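Colleague: I would like the atomic coordinates for the input below:
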Amino acid sequence: MEPVTAVSGTAYPWGAKNIDTDVIIPAHWLKTITRAGLGRGAFETVRAQPGNIFDDPRYAGAPILIAGDNFGCGSSREHAAWALADMGVRAVIAPSFSDIFSGNAFKNGIVPVVLPQAAIDRLVEVAREQPITVDLESMTVTTPFQDRFPFELDAFRRRCLMEGLDEIGLTLAQDEAIGRFEGTMDDHRPWIAGRSGYAGVAVAEYRRT
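Modeller: As a prediction, the model looks like this:
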């Protein structure tokens, strides 16, 4: 996972509420076994409408999406986060998120930023013409007009995003400790390591437990 310390640039000034995962990525796209290319299916039903925001050249490739309340509700499909990441979105700003979507976004390097509705309204207005910046170091969303909106993020999630640590990365960071533990297990329970001559010890250990 790529580290994220700040996301800056054009933002989709959408603001739509109660956007569920089927709107983010329709069910017929779930047959794929790879994440690549899911961005083509992102917001397919919205893109079918003339003049939609996602096909507006002014916002092409925007790394930030400004949405309304309850973003990511519906099913638990991780494909929703995959699709957003594949279309280049690195941060979503909304008044609230589905808990499952928020977790999936974090695990895929997308920053879920919660701000009050008044801040969302202001950001939607600004984003129509100007860039937005989401800064994880200062924990603020800013605009060229000196707007400054502080937000909160779980300390563990913030660290993982800034250091680019997914679940595999977190595990690999404990490589030395895991090696020491495995070495200790080899000494105390050698039959687990497949050493010969310890069948009787294994039976005795089993009976004690």
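
Colleague: domains for the chain, by residue range?
Modeller: Here the domain parsing of the chain from automatic domain parsing is 6-165, 174-208.

Colleague: most tightly surrounded among the ones you listed?
Modeller: domain 6-165 (a mean of 18; mean count of other C-beta atoms under 10 Å). To be clear about C-beta, it is placed using only N, CA and C from the backbone, and glycine gets the same treatment.

Colleague: any idea how far that domain is from the middle of the chain?
Modeller: From the chain centre to the centre of domain 6-165 is a distance of 9 Å (C-alpha atoms, centre = their mean, to the nearest Å).

Colleague: end to end on it, go ahead and measure it.
Modeller: Terminal residues of domain 6-165 lie 16 Å apart, using C-alpha to C-alpha, to the nearest Å.

Colleague: quickly, which of the domains of the chain bottoms out on average pLDDT?
Modeller: Among the domains of the chain, domain 174-208 carries the lowest mean pLDDT, at a mean of 63.

Colleague: can you pull up the most central residue in the protein?
Modeller: The centroid of the chain falls nearest to residue 105 when counting by C-alpha atoms, centre = their mean (2.0 Å).

Colleague: phi and psi next, for that residue.
Modeller: The phi/psi pair for residue 105 (degrees, to the nearest 10) reads phi -60, psi -50.

Colleague: so what's it up against?
Modeller: 72, 81, 84, 92, 97, 111, 112 (C-beta atoms under 8 Å, 6 or more residues apart in numbering).

Colleague: just these now: which is nearest residue 8?
Modeller: Each of the contacts of residue 105 was scored against residue 8 by C-beta to C-beta, and residue 111 proved nearest at 11.8 Å.
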